[in-house]
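**Q** Okay, predicted coordinates and the sequence, questions at the end:
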Amino acid sequence: MGMTTEERLAALEARLRTAEDHLAILNLLNSYGPLVDSATAREAGALWVEGGGYSFGLNEGGTRRLEAPDEIAGMYSWPGHLDLVNTGCAHLTATPKITVAGDDAQAVGYSFVVLRAKNEQEGDRWYLWRAAINHWTLRRTPDGWRIVERTNRTLNGSEESHALMRKVAAI
Amino acid sequence: MGMTTEERLAALEARLRTAEDHLAILNLLNSYGPLVDSATAREAGALWVEGGGYSFGLNEGGTRRLEAPDEIAGMYSWPGHLDLVNTGCAHLTATPKITVAGDDAQAVGYSFVVLRAKNEQEGDRWYLWRAAINHWTLRRTPDGWRIVERTNRTLNGSEESHALMRKVAAI
Amino acid sequence: MGMTTEERLAALEARLRTAEDHLAILNLLNSYGPLVDSATAREAGALWVEGGGYSFGLNEGGTRRLEAPDEIAGMYSWPGHLDLVNTGCAHLTATPKITVAGDDAQAVGYSFVVLRAKNEQEGDRWYLWRAAINHWTLRRTPDGWRIVERTNRTLNGSEESHALMRKVAAI
């Protein structure tokens, strides 16, 4: 409606960048699992900006935040993690809702840790060792999109897990 | 090949809108789980157009169709649903095939209900309480994309479930 | 910065095609499950280029490569496969990392076979019968994107499975 060629080109360029950002973030989040499940620790830590964080609940109660890149990369060398890697596991990121606003983005979605069973009763199958809800904030950097903060809470019916889920309506 | 600038701009605008629609529908469908798993009932019902429907199979045989928004939102306040919410669950929408045709769209894909186990034998893990195939029809509205009809059948080897799956070749 | 209208249109057309390719490949890979789980064998085989291949590990050790379309379509008529179809199953392709380079593309991601339990202890639930990592190469054809090679290894902690996972950093 009276837009000039210049205005239409500028609008297309801005809209296309947002769609490309959505797909780039999908690729970033879908890189996480194969990296950590093969103990490719440094590259996994580099999915975050420096100083970024990963907060998760502890089995014994309470939460913990690890800082990128070193503490996060370090976790993927923990004996408990290497035990998962050598058993056979998938840190699965289910496709989240992703919203992009300029150089910032947010995502809300589920994640699962699928682990190979190693006992006689279950035989040769896999099971859901963990199931969680996640909220990610992300930022455009000169090297592409990176995670700023990932907050992860297991699906145990807690108010805290439900509050993370409800962020999906606000992003 | 002889296209004018005007024709190229119009073609780009139309193609980009289709790609944006695909991503918007992905976001819509990936909002469903976190809303219903936190008993955010009204917002879940509002993912459908008014008068839209959700048809699913009943455990006792036969099928049921609930109408949007009230009957669908109402289901997420049923005691059986709140029991899932308080136990810890994920209504997981696996990424479906999505096709957009103007102001209408269709999608075919799997969905799962992941539930926390609460018995001594299984300890602290989650399991697949439901697994189903879905066909969605969707429509562009002034408020964005909304679901018109969702048809869901559990994966029990039935001809009806296979017929829903085969729609993936036709959309 | 001094780009002409022609240059901006050409850049938009190329970038948009890459985004459309990403979404088309997502649709292609998400068609696989519903086709094979309904024993729609010929259409499943046609997701590959002629002469393309599907390589997977064998339970008894070693690997096998089936060639498209006939050997791959043939597998979905094997009695073992039809038994899965009639029990109720989902060959689930988790959203992979996808990268497009002109008329070629690659993807790395997880896949799962979800199967209905049919024993008294487990009752009416589903379980993970298989969990695997995949690397796909894909090619643009006159009929759209098709799979060239799919390499699939189960998640058993093997070096071979970890090597496939690490490809996610290289695509």
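**A** Perfect, thanks for sending it. Residues are numbered from 1 along each chain as shown, chains lettered A, B, ... in the order given.
**Q** gap between A:Asn86 and chain C?
**A** 4 Å (CB to the nearest CB, to the nearest Å). Where C-beta positions appear, they are placed from N, C-alpha and C, glycine not excepted.
**Q** Secondary structure element holding that residue?
**A** helix A:79-87 (DSSP states H and E).
**Q** And A:Asn30, by the same measure?
**A** Per DSSP H and E, A:Asn30 falls inside helix A:5-37.
**Q** Next, the buried residues of that helix.
**A** The neighbour-count check on helix A:5-37 (16 or more other CB atoms under 10 Å in any protein chain shown) flags A:8-9, A:12, A:15-16, A:19-37 as buried.
**Q** cool, and stretch A:80-93?
**A** Using 16+ other CB under 10 Å as the test for burial, stretch A:80-93 gives A:81, A:84-85, A:87-93.
**Q** Max pairwise distance over the residues you listed: which two?
**A** Based on CB to CB, the longest span within those runs between A:Thr87 and A:Thr93 and measures 19.7 Å.
**Q** Just give me the longest strand of chain A.
**A** strand A:126-141 (DSSP state E).
**Q** what about it, near chain B?
**A** Yes - contact of strand A:126-141 with chain B is found when judged by CB under 8 Å from any CB of the partner chain, involving A:127-131, A:133.
**Q** Can you tell me which of these comes closest to A:Glu160?
**A** Using CB to CB, the residues of strand A:126-141 next to chain B come closest to A:Glu160 at A:Ile133, 9.5 Å.
**Q** How much space separates A:Pro34 from B:Leu23?
**A** For A:Pro34, the distance to B:Leu23 equals 23 Å [CB to CB, to the nearest Å].
**Q** circling back to that earlier point, a markdown table for the buried residues of stretch A:80-93, including distance to C:Val168 and pLDDT?
**A** Shown next, in a markdown table, are those (distance: CB to CB, whole Å; pLDDT from 0 to 100):
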| residue | distance to C:Val168 | pLDDT |
| --- | --- | --- |
| A:His81 | 17 | 95 |
| A:Leu84 | 17 | 96 |
| A:Val85 | 15 | 98 |
| A:Thr87 | 20 | 96 |
| A:Gly88 | 17 | 97 |
| A:Cys89 | 15 | 98 |
| A:Ala90 | 12 | 98 |
| A:His91 | 12 | 98 |
| A:Leu92 | 13 | 98 |
| A:Thr93 | 12 | 98 |
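**Q** Quick check: of these, which lies closest to chain B?
**A** Nearest to chain B among these is A:Leu92, at 9.8 Å by CB to the nearest CB.
**Q** Nearest spatial neighbour of the closest one, chain-adjacent residues omitted?
**A** Counting by CB to CB, 6 or more residues apart in numbering or on different chains, A:Phe112 is the residue found nearest to A:Leu92 once chain neighbours are left out, at 4.5 Å.
**Q** which SS state does that neighbour fall under?
**A** Following DSSP: H, G, I helix; E, B strand; the rest coil, the label given to A:Phe112 is strand.
**Q** May I ask you to confirm that it is in contact with A:Ala94?
**A** Yes - with contacts counted by CB atoms under 8 Å, A:Phe112 reaches A:Ala94, the gap being 7.1 Å.
**Q** show me where pLDDT drops low in chain A?
**A** The model of chain A has pLDDT under 70 over residues A:1, A:119-123.
**Q** What residues does it have near chain C?
**A** Taking CB under 8 Å from any CB as the contact definition, chain A meets chain C at A:5, A:9, A:12-13, A:16, A:19-20, A:23, A:26-27, A:30-31, A:33-35, A:37-40, A:43, A:85-90, A:92-95, A:114, A:116, A:124-128.
**Q** Give me the buried stretch members for stretch A:159-171, please.
**A** Across stretch A:159-171, burial judged by 16+ other CB under 10 Å covers A:161-162, A:164-169, A:171.
**Q** Report whether it contacts chain B.
**A** Yes - under the criterion of CB under 8 Å from any CB, chain B is reached by stretch A:159-171 at A:161-169.
**Q** Make TSV out of those and add secondary structure and distance to C:Gly102.
**A** Output for these, formatted as TSV (DSSP: H, G, I helix; E, B strand; the rest coil; distance: CB to CB, whole Å):
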residue	secondary structure	distance to C:Gly102
A:Ser161	helix	44
A:His162	helix	46
A:Ala163	helix	45
A:Leu164	helix	40
A:Met165	helix	40
A:Arg166	helix	43
A:Lys167	helix	38
A:Val168	helix	36
A:Ala169	helix	40
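**Q** Generate JSON lines for those residues, with distance to C:Glu149 as supplementary columns.
**A** Shown next, in JSON lines, are those (distance: CB to CB, whole Å):
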{"residue": "A:Ser161", "distance to C:Glu149": "40"}
{"residue": "A:His162", "distance to C:Glu149": "43"}
{"residue": "A:Ala163", "distance to C:Glu149": "44"}
{"residue": "A:Leu164", "distance to C:Glu149": "39"}
{"residue": "A:Met165", "distance to C:Glu149": "39"}
{"residue": "A:Arg166", "distance to C:Glu149": "43"}
{"residue": "A:Lys167", "distance to C:Glu149": "40"}
{"residue": "A:Val168", "distance to C:Glu149": "37"}
{"residue": "A:Ala169", "distance to C:Glu149": "42"}
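**Q** Could you let me know which of those ends up closest to A:Arg150?
**A** A:Leu164 (10.9 Å).
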